[in-house]
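**Student:** Here is a sequence with its predicted model. Questions after.
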Amino acid sequence: MHVLDLSEQMHREFEIAWHKSIYGTEPAKLSPLPQFYREMQAYYSNLAKLGGGELFPLTNKEQVTEQLLVAAFGPQWKREVAKFGGG
């Protein structure tokens, strides 16, 4: 079982949207990933390992298709998938 982790992407998007709604601009710097996200990553990473899989962070909107294909086919296909995804 593989787990797709959206925590970094969700944190980034929330923080940018929140800062824009308050100040009208994007933040100069993002805050570190909150503890509850890190705990969630650890939990789901362990769950994936128990299921014989891995945790795959989906961190880049432009590479989401590539990341999903690697999650679907397995990390051993990462190099081959990257050839088609431009990464």
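**Tutor:** Received, thanks. Numbers count the residues shown, from 1 in each chain.
**Student:** Work out for me the element the residue nearest to residue 26 when sequence neighbours are not counted sits within.
**Tutor:** In space, and not counting its chain neighbours, residue 26 is closest to residue 16: 5.4 Å by Cβ to Cβ, 6 or more residues apart in numbering. For every residue, glycine as well, the C-beta is placed using N, CA and C. Assigned by DSSP states H and E, residue 16 belongs to helix 7-23.
**Student:** Next: residue 64.
**Tutor:** In the assignment (DSSP H and E), residue 64 maps to helix 64-73.
**Student:** Identify each buried residue in that helix, please.
**Tutor:** If you call a residue buried by 16 or more other Cβ atoms under 10 Å, then helix 64-73 has these buried ones: 66-67, 69-71.
**Student:** other SSEs contacting that helix?
**Tutor:** When contacts are defined as 3 or more Cβ pairs under 8 Å, 6 or more residues apart in numbering; DSSP states H and E, helix 64-73 packs onto strand 3-5, strand 55-57, helix 78-85.
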